[in-house]
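K.L.:
Just the structure for this:
(one chain, ligands or ions: 3)
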Amino acid sequence: MGNSASVKMNDKRRWQSESAMSPAPPAHCNKTGVPFSAVKQSQATSGRKCTYSEMERDRIGLWGSGDGQPTSGLSGLDHLKHPGLNKGMAFTIEERQLLGIHGLLPPRVKTQEEQVELCKLSIDRYENPLNKYIYLMGLLDRNEHLFYRFVADNVAEMMPIVYTPTVGLACQKFGLVYRRPRGLFITIHDKGHVYDVLKNWPETDVRAIVVTDGERILGLGDLGACGMGIPVGKLALYTALGGIKPHQCLPITIDVGTNTQSMLDDPLYIGLRQRRVRGSDYDELLDEFMRAVVRRYGQNCLVQFEDFGNANAFRLLEKYRNKYCTFNDDIQGTAAVAVAGLLASLRLTQKRLSDNVIVFQGAGEAALGIAELCVMAMKGEGTPEQEARCRIWMVDSKGLIVKNRPEGGLNVHKERFAQDHAPVRTLAEVVEVARPSVLIGAAAIGGAFTPEILRKMANFNEKPVIFALSNPTSKAECTAEEAYSNTDDRAIFASGSPFPEYRSKSGALFRPGQGNNSYIFPGLALGIICAGILDISDDFMLLAAEALAEIVSDDDLAYGSLYPPLHMIKDCSVKIAKKIVEHAYNTGKASVQPQPLDTEEFIRAQMYSVEYGAALPPAYPWPDNQPRVAII
Ligand SMILES: NC(=O)C1=CN([C@@H]2O[C@H](COP(=O)(O)OP(=O)(O)OC[C@H]3O[C@@H](n4cnc5c(N)ncnc54)[C@H](OP(=O)(O)O)[C@@H]3O)[C@@H](O)[C@H]2O)C=CC1
Ligand SMILES: CC(=O)C(=O)O
Ligand SMILES: [Mg+2]
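P.N.:
Ligands and ions are numbered 1, 2, ... in the order given. A predicted model of the protein is given here:
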């Protein structure tokens with residue numbers, strides 16, 4: 001069932017995408033038109049094991065030799081150089097001989113487990129996080145399977161390097177850490193030729209794109225083209241945490257310049273040395289980009305918008321959400337992870353979500369996204385919309401958002417949360433006035449939750465809920481230790497970047513959870529891709545939030561964590577994807593038909609395996625197509 005559904009989707013994608021316009025072989029054939037079934041047959045008769053998936057064969061250009069014998073069509077050396085095929089010292093002696101690379105590797109054959117141990121030893125030798133990042137990216141460039149196995153086996157240790165906080169540093173120093181091409185740069189000068197640039201990307205079966213224009217990289221501001229570290233990092237998590245195949249993922253940075261003078265002055269800056277292009281030129285480039293994605297990869301290629309500046313993020317989401325398969329992670333993914341944390345917190349506070357008063361420090365993409373999803377969740381509890389909105393107080397750079405604020409600065413998104421109240425300037429005053437039970441920070445103002453504010457939260461609440469969501473760590477509104485120590489250890493705390501365990505004076509151990517959209521987007525994307533969902537409406541976000549909250553165990557809560565441990569995140573992704581897929585079929589939003597009988601099996605069958613596949617022989621440049629070394 002799973003297979004037939006996915007093959008159907010493949011057919012559909014081919015029809016919709018550019019590859020269908022050129023005379024490509026049918027989906028069930030390899031590049032030379034040989035049906036895969038025939039290749040399978042010949043493997044069976046040759047007795048040779050092959051664990052390449054059809055997609056992988058398609059990707060590496062696997063074809064049959066004249067005698068029907070399957071070959072990889074690549075040289076043995078290619079197998080060492082191609083990160084998707086390389087196994088390093090894990091190539092068996094037989095494979096080394098078949099591939100003609102015998103002698104090019106040290107004699108010993110290693111297991112992948114032994115290689116993972118070596119990775120651990122190697123990375124531990126670096127003290128500087130940026131050097132660890134460079135090591136990991138080097139590993140990804142050398143041996144994809146090993147990289148993903150290593151990250152997947154050590155999520156809690158590796159995520160802070162591949163992702164926040166270190167990825168922020170890597171973006172700031174991108175000119176220094178850049179080694180090999182990874183991802184696609186599309187600049188304002190490519191306007192009119194975006195499709196041609198997309199065609200330069202060598203993979204034809206891209207299912208997910210993460211795109212940034214670098215204007216709001218984490219809480220670090222406008223880093224221009226150096227923002228590329230973010231799509232690369234997010235997509236590494238697509239594979240490591242969501243099982244989406246690496247070759248189906250494409251990181252893209254749209255370079256329209258940067259307004260950060262220090263970047264423009266930096267001799268190592270890798271992007272266009274000009275100030276940001278805005279207005280119609282920018283819009284036309286983005287429109288052309290979206291059209292080009294559909295033309296090249298099909299209507300159901302997912303485009304995740306990431307770290308765009310506030311004004312463009314909301315505008316582009318509204319413009320594209322009903323037309324393309326797209327979502328904005330900072331608005332919608334963040335909303336889902338934060339609401340998941342809030343739903344889990346209700347088990348500790350014994351409240352309904354609607355019983356809470358929530359104060360937000362920040363009224364941007366993250367904060368407004370969360371606020372809107374809170375309203376949706378409260379409505380689900382039977383609370384009228386207006387009442388739900390009244391329970392949410394938002395503070396931006398000009399103070400509390402109130403109706404007719406003299407300082408102005410209200411847009412349509414903020415206005416929906418404008419309180420009927422006199423202006424209030426500081427967060428401390430707002431906390432005094434609103435007496436919130438939940439305080440959420442997403443304004444990238446490090447240390448904004450002062451001890452005074454935290455103590456107030458403890459005065460008003462038996463269990464104050466404190467989320468310091470800003471990234472990276474330097475921008476967090478408070479540390480875990482500050483949250484606990486200023487609330488007599490009563491805070492229920494989560495943060496966007498990880499904080500270490502905290503032991504209170506009384507000896508209680510806290511493991512603060514990471515309220516980061518990385519708990520959501522891998523599973524969400526997996527579900528979207530598997531079911532072929534085109535219209536990613538907000539009900540999917542609430543569903544993802546509920547699915548994640550359900551996974552949180554009593555044990556997690558006992559340690560003060562509102563999220564499952566990071567090592568479980570891949571299982572979380574599958575569970576989220578399952579709910580997404582089921583909901584898509586129930587609401588008629590799935591384009592992959594027929595509906596699979598077993599949803600989880602269907603999803604798992606499409607996921608990337610970090611295990612090595614068996615290598616196939618190359619096409620030898622001599623007539624008998626046989627290796628020149630005797631097989632032992
Ligand atoms: N944990 C997670 O998963 C995620 C975390 N984030 C983090 O959240 C932060 C914000 O991101 P995002 O919402 O996209 O950014 P935006 O630029 O969209 O929003 C920033 C908001 O902060 C407000 N702000 C700025 N200065 C102050 C101040 N002194 N006092 C109060 N508010 C202020 C801005 O006010 P104004 O509107 O007046 O300009 C704006 O409303 C970043 O650090 C980002 O890394 C983002 C996404 C996911
Ligand atoms: C986590 C994330 O998406 C951000 O900080 O922007
Ligand atoms: Mg982001």
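
K.L.:
May I have the secondary structure class of the residue of the stretch 351-500 of the chain found nearest ligand 3?
P.N.:
Nearest residue of the stretch 351-500 of the chain to ligand 3: Asn471, at 7.7 Å (CB to the ion). Where C-beta positions appear, they are placed from N, C-alpha and C, glycine not excepted. Here Asn471 is recorded as coil under DSSP: H, G, I helix; E, B strand; the rest coil.

K.L.:
Touching, it and Tyr163? I think so.
P.N.:
No. Contact between Asn471 and Tyr163 fails when scored by CB atoms under 8 Å: they sit 9.2 Å apart.

K.L.:
what about those two, which has more around it?
P.N.:
Here Asn471 and Tyr163 are compared on neighbour count by other CB atoms under 10 Å; more neighbours surround Tyr163, at 28 against 25.

K.L.:
Mind telling me what element the residue lying closest to that one once chain neighbours are set aside is part of?
P.N.:
Using CB to CB, 6 or more residues apart in numbering and skipping residues adjacent in sequence, the residue nearest Tyr163 is Gly233, 5.0 Å away. Taking DSSP states H and E as the criterion, Gly233 maps to helix 229-242.

K.L.:
Just the CA trace of stretch 182-195, in CSV.
P.N.:
Extracted C-alpha coordinates of stretch 182-195, given in CSV (Å, rounded to 0.1, in the frame of the first residue of the first chain):
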residue,chain,number,x,y,z
ARG,A,182,26.1,23.4,0.2
GLY,A,183,22.8,25.0,-0.8
LEU,A,184,21.8,27.4,-3.6
PHE,A,185,22.4,31.2,-3.6
ILE,A,186,19.9,33.1,-5.7
THR,A,187,20.6,36.8,-5.9
ILE,A,188,18.7,39.9,-7.0
HIS,A,189,20.8,39.9,-10.2
ASP,A,190,19.4,36.5,-11.1
LYS,A,191,16.0,38.1,-11.6
GLY,A,192,14.6,36.8,-14.9
HIS,A,193,16.8,33.6,-14.6
VAL,A,194,15.8,32.1,-11.3
TYR,A,195,14.6,28.9,-13.0
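
K.L.:
now for the helix or strand hosting Glu482, which elements pack on it?
P.N.:
In the assignment (DSSP H and E), Glu482 maps to helix 480-485. For helix 480-485, the elements it packs on are helix 451-460, strand 492-495, strand 502-503, judged by 3 or more CB pairs under 8 Å, 6 or more residues apart in numbering; DSSP states H and E.

K.L.:
Of these, which stretch is the most buried?
P.N.:
Highest mean neighbour count of the helices and strands packed on helix 480-485: strand 492-495, a mean of 28 (counted as mean count of other CB atoms under 10 Å).

K.L.:
May I have the strands that pair with it, each with its orientation?
P.N.:
Using DSSP bridges, the strands paired with strand 492-495 are strand 465-468 (parallel), strand 513-514 (parallel).

K.L.:
need the contact list for the closest residue in space to Phe327 that isn't next to it in sequence.
P.N.:
Leaving aside its chain neighbours, Phe327 sits nearest to Ile536 (4.6 Å; criterion: CB to CB, 6+ apart). Taking CB atoms under 8 Å, 6 or more residues apart in numbering, we find Ile536 in contact with Arg321, Cys325, Thr326, Phe327, Gln332, Ile528.

K.L.:
what does Glu582 give?
P.N.:
Per CB under 8 Å, 6+ apart, neighbours of Glu582: Thr599.

K.L.:
got it, and Lys463?
P.N.:
Neighbour list for Lys463: Ser345, Leu348, Thr349, Arg490, Ala491, Ile492 [criterion: CB under 8 Å, 6+ apart].

K.L.:
As TSV, these with pLDDT and distance to ligand 3 would be great.
P.N.:
Shown next, in TSV, are the contacts of Lys463 (pLDDT from 0 to 100; distance: CB to the ion, whole Å):
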residue	pLDDT	distance to ligand 3
Ser345	98	23
Leu348	98	28
Thr349	98	28
Arg490	97	30
Ala491	98	25
Ile492	98	24
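
K.L.:
Mind checking which of the residues you listed are buried?
P.N.:
Ser345, Thr349, Ala491, Ile492 (16 or more other CB atoms under 10 Å).

K.L.:
could the residues you listed be laid out in JSON lines, adding distance to ligand 2?
P.N.:
Putting these into JSON lines (distance: CB to the nearest ligand atom, whole Å) gives the following:
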{"residue": "Ser345", "distance to ligand 2": "20"}
{"residue": "Thr349", "distance to ligand 2": "25"}
{"residue": "Ala491", "distance to ligand 2": "21"}
{"residue": "Ile492", "distance to ligand 2": "20"}
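
K.L.:
Which of those residues sits closest to Glu365?
P.N.:
In terms of CB to CB, no member of the buried ones among the contacts of Lys463 lies closer to Glu365 than Ser345, at 22.3 Å.

K.L.:
where does the closest one fall, phi/psi-wise?
P.N.:
Here is the backbone geometry of Ser345 (degrees, to the nearest 10): phi -60, psi -20.

K.L.:
re earlier: want to throw the contacts of Ile536 into a markdown table with distance to Leu140?
P.N.:
Rendered in a markdown table, the data for those read as follows (distance: CB to CB, whole Å):
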| residue | distance to Leu140 |
| --- | --- |
| Arg321 | 32 |
| Cys325 | 26 |
| Thr326 | 26 |
| Phe327 | 25 |
| Gln332 | 27 |
| Ile528 | 24 |
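
K.L.:
Report pLDDT for the residue in the stretch 501-632 of the chain positioned nearest to ligand 3.
P.N.:
Minimum separation of the stretch 501-632 of the chain from ligand 3 (CB to the ion) falls at Asn517, amounting to 6.8 Å. Looking at Asn517, its pLDDT reads 97.

K.L.:
And Trp15, by the same measure?
P.N.:
30.

K.L.:
Brilliant, that's me finished.
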